[in-house]
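Novice: Sequence first, then the predicted structure:
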Amino acid sequence: MSHDLALVDTWASAGDSAFHRASALSKLLFVALVLGAILSSTSPAFLAGLYAALCVLVLISRVPLGPALLLSLYPVLFSALWLLSRWNGDWTMPLVLVLRSLASSLTAVLLVASTPYPDLFAPIARVTPRLVGDGLFLTYRAFFLLVARADRMWTAMKLRGGLTGRGLPRDFRAAGEGLGQLVIHSYDRSQRLYAIMHIRGHSGRVCGCRHWAEFTAFDLVPVGFGLAALAMRFWMEGR
Amino acid sequence: MTEDYAVRVSCVRHVYADRTQVHLCGLDFVVQKGQRVVILGPNGSGKSTLLYHILGLLEPNEGDVTVFGVNPARSFNKIRERVGVVLQNVDEQILAPTVWDDVSFSPRNYGYPEPEVDRMVDAVLEEVGIAHLKDKVCHLLSGGEKRKVALAGALVLKPELLVMDEPFEGLDPTSKSDLSALLNELHAKNGMTMVTATHDVHAVPDLADLVYVLVAGGEITARGSVEDIFADAARLKASNIEPPQIVELFQRLDEEGLRLGRPSSVEDAVALLKAALAGRESA
Amino acid sequence: MTHLHIADGVLPTWLWIVGFALAFAFAAGASFHHRHDRPDRLTLLAALGAVMLLAMSVPIGPLVHLSFAPMVGILLGPGLGFLAALLVNATLALLGHGGLTVVGLNALVLGAAVAPARPVYRLLRKRMKPGRAGAFTAVAALACSVAALYVVIALANRGDLASLLADDDHAGAQATGRFVLFSSPFWVLATVAEALVTSSVLSFLARVRPELLP
C-alpha cells in the first residue's frame, strides 16, 4: 500500500495534462458532481457508461490506466463481502452497487492522481481545526520520509535472516521490533521537528497553500465532465 | 548589556537524559559580529551540542550562553528573527509541502503581510538560485535542492546570524564548492555572522575567518585562523581530525628539511611552490 | 478489519452523513481539549499517524493487514489518538485508498480501537508486564472496533431512515448475521496478528525507551 501511495504522489506531481492543470477546487467540484450522479443512480446502463467515460478521462489525463484501475478495485473487493451477505438472489441491486463502487473509486483515483497533495489538502485544512489541518500536512510528509527508512530496515532484516515466513512467532516478533524502531525514530524526529518549528516561529499554519483555487480555462474539463455526468443521469433516469 | 559580540559560550556543562555529559570548556567560544567561524571536531565531540545551546534548544546545567546579549534558552523570542539555522538533516528542517510554503513559513508565522511575504520569498529564492523550484513538492527534490530550500528558509528574514550544522553532508564535491561560494557571496553582501559546525576539514579554508577545535567530550582545545590551526597537523591528529592532505604533505616536507611554508589550501600551496621554484632559478 | 474498506455509493446516504457529523464532532472536541498542548504533541501526532499508515502496509493474510490502532492509542491517548485515526483515514481516502464519503465512518470504527487502548493498558499494566498487557489491550481494542463495524453494517442493512425506525427488520438482521459469519475468520486473524505485534512493540519499547510508555 505504501508503494501505491508513492505511485499516486508521483502521478500527481509529474503530470501536465489539462486535467492536472485544472485547479484543485474545480476537481473537488468534479468529484462532488460525479458522486452526486453515481449515488442517485439506480441504472446499470448509466453507471457502466459513466465508468467507461471515466476510463477515457484517465487515458486522456495520461495517468496509467492499468495501475489506476487496480487501485480503484481495492475498496470494491471489500464492498463485495458486504454485498454477498445481503444477496437475496436478485442481481440488479448488487450490480448497481458494484458499478457504483467501481465508478466512485475511479473518480477518487483520478482526483488524487492529478492533484498534488498540497492543493488537495488545502481546502480541507481551511475548514478544519488547526490541529487537524496542520496534522494532515505533517502526517503526509512524515509518511514519505518514513517509507524510505522502513524499506531499508525491512531489507536489512531480510538480508540478516529475519521475516523469512518459516517461523511465524519469530517473524511477528521481528516485525514488532522493526515497528518499534520506527516508533522511536518517529518520536525522536517529531521532537526535532518541534524544535525547528519553534525556531522558525510556528504560530499559524504549516501550509501557505496558494494555488488550490486559481481558476483557468483548464477548469472547464473537470467541471464540464461533472455537469455532463449529472445531466446524463437525469436525462436517462428522470427524477 | 551592550553586544560587542554575537555569540559567547563560557564553559557549559550539559547532561543529556541518558546521562551523557558534554563539557564545552577549555577556551571560551566567542563569535564577533560579521565573523565567519567554523567549529571543527570529530563525531561525538559536542559540535551539535554547542550549536543547540546557541539556538536555545538546550539549556546548560552549568555555564553561560549569550546570543546578541540574551540567554537563548530563556529568551529566544527576543532574537528569533535575527537567527537563521540550517540543520544537518534537511528533511527534518523542511516542514511544509511546497518550496514556497516552506521558505515563506517564518514570515507568514511572524505576521508579515502577504505582498511582503511574496517579495521576500521571491528575492531569497533568486539569491539562492532555486526560483524555478518555487511550486515544487519538497519531498520530490534531490538532496542538493532540499539543502538549498533549507538555506533559503533560513535566509528569508535576512538574519544577522546564520548557524549551520554539517551543511555539506551528503553533497558531492561540485555541490560543496557551489554551496561554499554561495555562502561567501551572501556573507559579503549582507555582512552576516556565520557559525558552521563540521568535521570536513577541506571545507574549512573556504568558510572560516576563525576556527575552534573541539575534541571528544566537548573540550575546546584550540582557537585561531585557518593558517594557525592547520600549521600544526600533529595537533589536529591528536584531536582525531585528519588534516587536509596538502597540509600534511608540506608538514612532512618541512620535517625532511624542505622548508616551503605551511599552506592551508591548494591555491596557497601553488603560490608557495612557484615562489620557491622562482627563487631557485634566480639563485 | 478496523475500518470499512467500502467504496462510495454503497452505504445509505444518511449513514455516512451521520458518520461525518459524529467524526467531526469528536475531532472538534479532541482539538478543543488539546488546544493548549505544546506543539510537540502535534508533531508526535503526525509522526505516529505516519507509522500507522506504514503499519497498514504490512499484510497479514488475504484482505487483512495490521492497523497499529491499539499501539497508537496507548502512546497518544484517546483524544489525540482519535485525531490520528481521522488523519490516517483522510489521507488514505485522499490518496485513492478507500471511499471519500466513508471517511467519517472509518474514523469512528478505527477510533473505537484507539480510544480504549490507553485506559485498558494502564489497568492491565498493574498486573502484567508491558508485552502481555499490550497483547490483551490489542484484543480488547480490536473487539471494540469490530463491534463498531458491525453496528455500522447493521445500520446499513436497515436501509433508509424510515426502515431504521421500523421494528421489524428480519432481512436486515439476517444479512448482518451473514456478514458477521463471513468476516469472522478475517477478524480473528487480524486480532491475533495485532496482539502479537503490539506485544512485541511494547516489550521492545519497555526495554529501550520506557519513558515513551504511559
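Specialist: All right, it came through fine.
Novice: what stretches of the chain score poorly on pLDDT?
Specialist: Picked chain A for this. Flagging of chain A using pLDDT under 70 yields the residue ranges A:1-2, A:75, A:78, A:161-162, A:164, A:166, A:204.
Novice: I was thinking of chain B, sorry if that wasn't clear
Specialist: Looking at chain B by pLDDT under 70, you get B:1-3, B:282-283.
Novice: ok, now with 80
Specialist: Within chain B, the stretches with pLDDT under 80 are B:1-4, B:17-19, B:92, B:95, B:170, B:217-218, B:232-235, B:238-239, B:264-265, B:280-283.
Novice: do the same with chain C
Specialist: C:1-10, C:39, C:57-64, C:94-98, C:158-176, C:178-179, C:182.
Novice: Which parts of it are helices?
Specialist: With DSSP state H as the criterion, chain C has helices at C:13-33, C:39-55, C:69-76, C:78-94, C:103-114, C:117-125, C:130-158, C:161-165, C:170-208.
Novice: For chain C, tell me whether the helix or strand containing residue A:124 is touching it.
Specialist: Using DSSP states H and E, residue A:124 sits in helix A:117-126. Yes. Applying CB under 8 Å from any CB of the partner chain, one finds helix A:117-126 touching chain C at A:117, A:120-121, A:124. For glycine as for every other residue, the C-beta is placed from the backbone atoms N, C-alpha and C.
Novice: And stretch B:84-96, by the same measure?
Specialist: No. Counting by CB under 8 Å from any CB, chain C is not contacted by stretch B:84-96; separation bottoms out at 9.3 Å.
Novice: Alongside chain B, which residues does chain A contribute?
Specialist: So far as CB under 8 Å from any CB goes, chain A lies against chain B at A:9-10, A:13, A:116-118, A:121, A:137-138, A:140-141, A:144-145, A:189, A:192-193, A:195-211.
Novice: could you redo the last one with a cut-off of 6 Å?
Specialist: Residues of chain A lying close to chain B (CB under 6 Å from any CB of the partner chain) are A:13, A:116, A:118, A:137, A:144-145, A:192, A:195-196, A:199-204, A:206-208.
Novice: Nearest to chain C, out of the residues of helix A:117-126 next to chain C: which one, please.
Specialist: residue A:120 (5.7 Å; CB to the nearest CB).
Novice: what's that closest one in contact with, if anything?
Specialist: Each residue near residue A:120 by CB atoms under 6 Å, 6 or more residues apart in numbering or on different chains is listed here: A:24, C:94.
Novice: Can you get me a residue count around the residue in chain B that chain C sits nearest to?
Specialist: Chain C sits closest to residue B:17 of chain B, with a gap of 7.8 Å, by CB to the nearest CB. By the criterion of other CB atoms under 10 Å in any protein chain shown, residue B:17 has 6 neighbours.
Novice: Separate out the buried members of the residues of chain A next to chain B.
Specialist: Those of the residues of chain A next to chain B that meet the buried threshold are A:13, A:116, A:118, A:137, A:144-145, A:192, A:195-196, A:199-202, A:206-208, by 16 or more other CB atoms under 10 Å in any protein chain shown.
Novice: how close does the closest residue to chain A within chain C get to residue A:5?
Specialist: In chain C, the residue that lies nearest chain A is residue C:200 (2.3 Å; CB to the nearest CB). Separation of residue C:200 from residue A:5 (CB to CB, to the nearest Å) stands at 25 Å.
Novice: try residue A:177
Specialist: For residue A:177, the distance to residue A:5 - CB to CB - is 24 Å.
Novice: Same question for residue A:68.
Specialist: In terms of CB to CB, residue A:68 sits 14 Å off from residue A:5.
Novice: what do you get for residue B:201?
Specialist: For residue B:201 relative to residue A:5 (CB to CB), the value is 42 Å.
Novice: Can you pick out the residue with more neighbours from these two?
Specialist: Higher neighbour count among residue B:201 and residue A:5: residue A:5, with 24 against 21, using other CB under 10 Å.
Novice: which ones among the buried ones among the residues of chain A next to chain B are found in helices?
Specialist: Those of those lying in helices (DSSP H): A:13, A:118, A:137, A:144-145, A:192, A:195-196, A:199.
Novice: Name the residues of the helix holding residue A:124 that are buried.
Specialist: Neighbour count says helix A:117-126 has A:117-122, A:125 buried, by 16+ other CB under 10 Å.
Novice: Centre of the chain to that helix, how far?
Specialist: 13 Å (CA atoms, centre = their mean, to the nearest Å).
Novice: can you give me the angle it makes with helix C:78-94?
Specialist: Going by axes from the mean of the first three to the mean of the last three CA atoms, to 10 degrees, helix A:117-126 is angled at 140 degrees with respect to helix C:78-94.
Novice: CA atoms of helix A:117-126 as CSV?
Specialist: What follows is helix A:117-126, C-alpha atoms only, in CSV (Å, rounded to 0.1, in the frame of the first residue of the first chain):
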residue,chain,number,x,y,z
TYR,A,117,-1.3,16.9,-2.2
PRO,A,118,-0.7,20.5,-1.0
ASP,A,119,-3.5,21.6,-3.3
LEU,A,120,-5.7,18.7,-2.3
PHE,A,121,-5.3,19.2,1.4
ALA,A,122,-5.5,23.0,1.3
PRO,A,123,-9.3,23.4,1.2
ILE,A,124,-9.8,20.7,3.9
ALA,A,125,-7.2,22.4,6.1
ARG,A,126,-9.2,25.7,5.8
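Novice: check contacts around the residue in chain A that chain C sits nearest to.
Specialist: Nearest to chain C, among the residues of chain A, is residue A:176, at 2.3 Å (CB to the nearest CB). The contact partners of residue A:176, by CB under 6 Å, 6+ apart, come to C:197, C:200-201.
Novice: Walking through the stretch 51-200 of chain B, point out its helices one by one.
Specialist: Assigned by DSSP state H, counting those that start in this stretch, the stretch 51-200 of chain B shows helices spanning B:72-79, B:90-93, B:99-103, B:105-109, B:114-128, B:143-155, B:173-190.
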